[in-house]
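>>> Attaching a predicted model along with its sequence, questions to come.
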Amino acid sequence: MSKHALRETSRNNSGVSYEESELAINLSPSIYERIGKEDGFRSLSQSFYDRVFADNDALWFVNIFASSTKDEAVENQYRFFVQTFGGPPLYKEKKGKFTRLAGRHANYPIGTQAADRWVDHMESVIDENEALASDEEAKRCLKLYFRYTAHYIVAACVYMRPDQLSGGSSMDAGRVW
C-alpha cells in the first residue's frame, strides 16, 4: 500500500486527515511545554493505563495489553509522547532511531473497534488532565493526532511483513517493546 493510500484509509476510518493530525506536533509553545514536560506526560500515560487496565466493560480490549505490565506500558507511552510532542528523545534512547508504531503493534489483535476504544480512553484522560484544563487548542490537537494515529496503526498493520514486526513477539526478549 502506498503512503497516500495508507493515509487515505486512515482518514476514512478516523475522520481526521494527516495534516490535521500533525497540528499537535507543530504547536508553539509545544504540547510538551503546555502539559508540564516529562511529569505531565507521565501523568497522562499513567491515567490512560489506569483506565485501560480497569476497563471491565471490554475485557477483550484489556487482553490486548496482556503481554505487558501496566508500568511497562506507561513507560513506553510516556517516552513516546515526550519525544513526539517537543521534548527530549526519550523514546529513541530506549528503542532506537525509529518509532515503528505499526511494527510495534502488528502482533496484537487490534482493529478499528480497538482503535476506537483506545481513542475513547485517551480522549477521556485528555479532558480530565489538569495541566490541559484550560488549553482547548492543545486538547483539540492531541485528540486529532491520537484519533488519526490509532487508525493509521490499524491500517498499516495489515501490510506489515514479518521482518517489520517489533512488538509483542519473541523478537523482543524481555518485553521491551
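Ah, there it is. Numbers count the residues shown, from 1 in each chain.

>>> hey, let's count contacts and neighbours off CA atoms from now on
Noted.

>>> so where's the longest helix in this protein?
helix 136-157 (DSSP state H).

>>> Show me the contact partners of that one.
Identification of contacts with helix 136-157 by C-alpha atoms under 8 Å, 6 or more residues apart in numbering yields 6-7, 9-11, 13-18, 20-24, 27, 31, 34, 101-103, 105-106, 110-112, 115-116, 118-119, 122-123, 126-127, 132.

>>> any idea how far the residue lying farthest from the centre of the chain is from residue 2?
Counting by C-alpha atoms, centre = their mean, the extreme residue of the chain relative to its mean C-alpha position is residue 134, 22.7 Å from that point. The gap separating residue 134 from residue 2 is 39 Å, by C-alpha to C-alpha, to the nearest Å.

>>> got it, and residue 85?
26 Å.

>>> try residue 141
26 Å.

>>> Those two - which one has more neighbours?
Using other C-alpha atoms under 10 Å, the more surrounded residue of residue 141 and residue 2 is residue 141, with 20 against 7.

>>> For residue 88, list the residues it contacts.
So residue 88 contacts residue 82 (C-alpha under 8 Å, 6+ apart).

>>> outside of stretch 11-21, which residues touch it?
7-8, 10, 112, 141-142, 144-149, 151.

>>> Compute the first-to-last residue distance for it.
Stretch 11-21 has an end-to-end distance of 10 Å (C-alpha to C-alpha).

>>> change the start of the numbering to 26 and stick with it
Sounds good: first residue 26 from here, last item stretch 36-46.

>>> pLDDT below threshold where in the protein?
Residues of the chain meeting the criterion pLDDT under 70: 116-134, 184-202.

>>> Could you rerun that using 90?
By pLDDT under 90, the weakly predicted segments of the chain are 26-28, 30-31, 88-93, 101, 114-136, 178-202.

>>> Do you have the helices of it handy? List them.
28-39, 43-46, 56-60, 62-78, 84-87, 95-109, 115-120, 126-130, 137-153, 161-182.

>>> quick check: angle from the longest one to helix 137-153?
An angle of 160 degrees separates the directions of helix 161-182 and helix 137-153 when computed by axes from the mean of the first three to the mean of the last three C-alpha atoms, to 10 degrees.

>>> Output helix 161-182 in PDB with nothing but the alpha carbons.
Coordinates of each C-alpha in helix 161-182 appear next as PDB, following Å, rounded to 0.1, in the frame of the first residue of the first chain:
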ATOM      1  CA  GLU A 161      -8.600  23.900  24.300                       C
ATOM      2  CA  GLU A 162      -6.200  24.200  21.400                       C
ATOM      3  CA  ALA A 163      -3.800  21.600  22.900                       C
ATOM      4  CA  LYS A 164      -6.700  19.200  23.800                       C
ATOM      5  CA  ARG A 165      -8.200  19.500  20.300                       C
ATOM      6  CA  CYS A 166      -4.900  18.900  18.500                       C
ATOM      7  CA  LEU A 167      -4.000  16.000  20.700                       C
ATOM      8  CA  LYS A 168      -7.400  14.300  20.100                       C
ATOM      9  CA  LEU A 169      -6.900  14.800  16.300                       C
ATOM     10  CA  TYR A 170      -3.400  13.300  16.500                       C
ATOM     11  CA  PHE A 171      -4.500  10.300  18.500                       C
ATOM     12  CA  ARG A 172      -7.600   9.500  16.500                       C
ATOM     13  CA  TYR A 173      -5.700   9.600  13.300                       C
ATOM     14  CA  THR A 174      -2.600   7.700  14.600                       C
ATOM     15  CA  ALA A 175      -4.700   4.900  16.200                       C
ATOM     16  CA  HIS A 176      -6.400   4.200  12.900                       C
ATOM     17  CA  TYR A 177      -3.100   4.600  10.900                       C
ATOM     18  CA  ILE A 178      -1.600   1.900  13.100                       C
ATOM     19  CA  VAL A 179      -4.500  -0.400  12.400                       C
ATOM     20  CA  ALA A 180      -4.400   0.200   8.600                       C
ATOM     21  CA  ALA A 181      -0.600  -0.200   8.400                       C
ATOM     22  CA  CYS A 182      -0.600  -3.400  10.500                       C
END
